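# how does the following fold in three dimensions:
(one chain, ligands or ions: 3)
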Amino acid sequence: CGIYGVIGLTDASNFVALGLHALQHRGQEAGGIVCYHPDHGFNSARRFGYVRDNFTKQSLMETLPGPLAIGHVRYSTAGSKGQTQIRDVQPFFGEFAMGGAAIAHNGNITNAEALRRELIERGSIFQSSSDSECIIHLMARSLQRTIPERMEDALRRVEGAFSVVAMTRTKLIGVRDPLGVRPLVLGQLGDGWVLSSETCALDIIGAKFVREIEPGEMVVISDSGVDSRFPFRPQKSRFCIFEHVYFSRPDSIIGGRSVYETRRQIGVELAKESPVDADLVCPVPDSGTPAAIGFSQQSGIPYAMGIIRNQYMGRTFIEPTEQIRNMGVRLKLNVNRALIQGKRVILVDDSVVRGTTSRKIKEMILDAGAAEVHFRIASPPTAWPCFYGVDTPQREKLLAATMSEDEMREHLAVDSLKFISLDGLYRAVGEASGRNKACPQYCDACFSGDYPVAPSDQIKNGFEL
Ligand code: 5GP
Ligand code: SF4
Ligand code: MG
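Ligands and ions are numbered 1, 2, ... in the order given. Coordinates of the predicted model:
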């Protein structure tokens with residue numbers, strides 16, 4: 001998901017709408033905005049579909065006045081499977097004795113089922129099926145005096161990954177979990193402050209990047225500026241390495257590094273680790289593009305657009321149903337026949353998950369008359385599900401969970417298939433000596449099975465580590 005918040009700018013919700021538009025790649029199912037105006041109180045709107053189709057209408061934006069607003073773009077992960085209902089669309093709002101508060105959450109709470117059961121037994125009335133709603137109910141039960149203190153209380157009971165943007169009548173609040181799994185950055189525009197999942201959504205409104213919110217940090221922003229605190233037991237951070245590989249936008253800066261440059265470097269590493277003689281390097285657009293550029297630069301094999309992407313389709317991987325995902329490949333991608341014919345082609349993609357996309361693409365390339373097809377993948381084999389906010393399927397559906405690299409190559413029926421090594425990936429994100437086995441610098445659980453937070457709901461439901 002993508003989260004965004006603005007304080008101290010006239011018609012803050014207009015800026016939030018722009019920010020959410022720039023974060024659309026993080027969630028395309030639905031979006032929502034909550035705002036506050038001293039004369040008009042709290043207002044909100046939640047809509048299915050793209051930001052640009054909803055939050056551009058003047059008639060809607062007029063109902064969202066005030067200098068303080070937060071927003072969310074949704075992509076459903078654990079919890080509510082299948083069809084999103086409008087009641088699951090964030091931000092969530094709660095009315096407390098000391099006034100209202102709204103929250104928007106990116107990540108996934110790994111003990112949400114247990115918390116929900118406990119809260120319901122003690123009288124909480126849930127409105128949605130979302131794991132994030134637990135935070136509001138935990139806040140309601142807290143005995144602390146102020147809303148930020150209640151949030152601290154609530155988040156200390158929550159396990160898993162959370163970046164949160166929240167607001168009261170006078171404050172904009174941002175928090176990252178102690179491991180800092182999901183991103184969150186602070187920006188500034190004139191007298192106003194901005195919180196955003198990624199820096200690309202600061203650029204769109206012309207806001208200046210100030211700094212990242214630190215893992216385990218809570219910032220409370222009001223008229224009197226930015227107040228920072230660290231409410232959790234300190235831990236070594238474990239940022240999601242897959243944000244670098246796929247999830248974030250390539251024009252964002254994370255941890256002082258250009259996401260584009262990291263992806264290009266992955267391609268360089270791949271070409272060093274798994275070279276192959278061929279005529280063309282082609283990306284599977286858009287997610288494979290920077291790595292394909294790096295592969296081509298390192299290997300000297302010409303880069304070419306062998307697959308053309310229809311720009312009017314979103315991210316396939318974010319489509320919740322398998323059927324649409326299957327259809328999606330042809331709706332979204334087509335082979336550039338004239339270029340491919342008779343050529344030995346290296347295809348570079350970001351990941352192989354279920355293998356359905358990769359298989360279809362290979363068929364399309366062979367149909368177009370390619371002489372050979374070699375897959376080079378910009379992440380290690382995805383052998384484990386993510387429980388921290390990326391919607392990988394159950395373990396059984398992951399190709400790499402049941403097959404060796406050789407079996408996958410046979411299954412995809414390609415001439416060769418190679419994944420970047422875990423150490424190669426770490427080198428590409430700037431860790432010169434690779435992955436520190438004793439204490440990994442990132443979360444890489446979907447590749448390594450090394451889960452930095454035990455997924456306690458899943459374990460209760462029979463998941464085996
Ligand atoms: P597959 O071949 O596994 O079906 O799909 C891999 C391709 O689709 C990659 O280009 C990746 O961007 C995208 N993709 C499809 N589904 C998923 C998913 O569940 N997780 C991830 N990480 N990528 C996916
Ligand atoms: Fe990111 Fe993978 Fe960890 Fe999920 S399991 S947070 S996708 S690195
Ligand atoms: Mg892709």
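# what does this structure put close to ligand 1?
When proximity is defined by C-beta under 6 Å from any ligand atom, the chain lies next to ligand 1 at 246, 284, 287, 316-317, 349-358, 391-392. For glycine as for every other residue, the C-beta is placed from the backbone atoms N, C-alpha and C.
# please redo it, this time with the cut-off set to 8 Å
For the chain, the contact set with ligand 1 under C-beta under 8 Å from any ligand atom comprises 242, 246-247, 284, 287-288, 315-317, 325, 349-361, 379, 382, 390-393, 399, 446.
# what subset of those residues is buried?
Neighbour-count burial (16 or more other C-beta atoms under 10 Å) applied to the residues of the chain next to ligand 1 gives 242, 246-247, 284, 287-288, 315-317, 325, 349-359, 361, 379, 382, 390-392, 399, 446.
# ok, Leu422 to ligand 2 distance?
11 Å (C-beta to the nearest ligand atom, to the nearest Å).
# now do Leu189
From Leu189 to ligand 2 the distance is 30 Å (C-beta to the nearest ligand atom).
# can you check Gly369 too?
36 Å.
# how many neighbours does Gly369 have?
Applying other C-beta atoms under 10 Å, we find 13 residues neighbouring Gly369.
# contacts only, for it.
Residues near Gly369 by C-beta atoms under 8 Å, 6 or more residues apart in numbering: 337, 340-342.
# how about it, secondary structure?
Secondary structure assignment for Gly369 (DSSP: H, G, I helix; E, B strand; the rest coil): coil.
# in the stretch 151-300 of the chain, what residue lies closest to ligand 1?
Ranking the residues of the stretch 151-300 of the chain by distance to ligand 1 (C-beta to the nearest ligand atom) places Ser287 first, at 4.2 Å.
# mind checking the SS state of that residue?
Criterion first, three-state DSSP; result for Ser287: coil.
# wait, it sits on Asp350?
Yes. Proximity of Ser287 to Asp350 meets the contact threshold set by C-beta atoms under 8 Å, at 4.1 Å.
# measure Ile173 to ligand 2 for me?
Ile173 sits 23 Å away from ligand 2, going by C-beta to the nearest ligand atom.
# do Phe230 as well
Separation of Phe230 from ligand 2 (C-beta to the nearest ligand atom) stands at 22 Å.
# please name the nearest non-neighbouring residue to Leu60.
Ala45 (5.9 Å; C-beta to C-beta, 6 or more residues apart in numbering).
# Ser299 too?
Ser299 sits nearest to Ala271 (C-beta to C-beta, 6+ apart), 4.4 Å away.
# doesn't the one you found belong to a helix?
Yes. Secondary structure of Ala271 (three-state DSSP): part of a helix.
# dump the residue contacts of it.
Neighbour list for Ala271: 294-295, 298-299, 376 [criterion: C-beta under 8 Å, 6+ apart].
# 6 Å - rerun?
295, 298-299 (C-beta atoms under 6 Å, 6 or more residues apart in numbering).
# what does Cys282 give?
Contacts of Cys282 (C-beta under 6 Å, 6+ apart): 304, 306-307, 345, 347.
# which helix or strand contains it?
strand 280-283 (DSSP states H and E).
# any idea of the mean pLDDT in that strand?
Strand 280-283 shows a mean pLDDT of 98.
# how about it, which residues are buried there?
Quick answer for strand 280-283 (16+ other C-beta under 10 Å): 280-283.
# now swap in stretch 97-106 and tell me
Quick answer for stretch 97-106 (16+ other C-beta under 10 Å): 100-106.
# so which residue of the chain lies furthest out from the middle?
Gly342 (38.2 Å; C-alpha atoms, centre = their mean).
# does the residue nearest to Leu60 belong to a helix, a strand or coil?
For Ala45, the assignment made with three-state DSSP gives strand.
# how far away is it from Thr84?
16 Å (C-beta to C-beta, to the nearest Å).
# residue numbers of the stretch 351-465 of the chain in contact with ligand 2?
Residues of the stretch 351-465 of the chain lying close to ligand 2 (C-beta under 8 Å from any ligand atom) are 384-390, 392, 442-447, 451-452.
# now the buried members of these.
Among those, those classed as buried by 16+ other C-beta under 10 Å are 384-390, 392, 442-447, 451-452.
# what is the neighbour count of Trp193?
By other C-beta under 10 Å, 23 other residues sit near Trp193.
# which strand or helix spans Glu95?
Following DSSP H and E, one finds Glu95 within strand 92-96.
# for that strand, the averaged confidence score.
Strand 92-96 shows an average pLDDT of 96 in the prediction.
# quick one: contacts of it?
34, 101-103, 133, 136.
# same for the helix or strand that that strand is followed by, what does it pack against?
The helix or strand immediately downstream of strand 92-96 is strand 99-109, counting by DSSP H and E. The elements that strand 99-109 packs onto, with contact taken as 3 or more C-beta pairs under 6 Å, 6 or more residues apart in numbering; DSSP states H and E, are strand 68-74, strand 92-96, strand 160-167.
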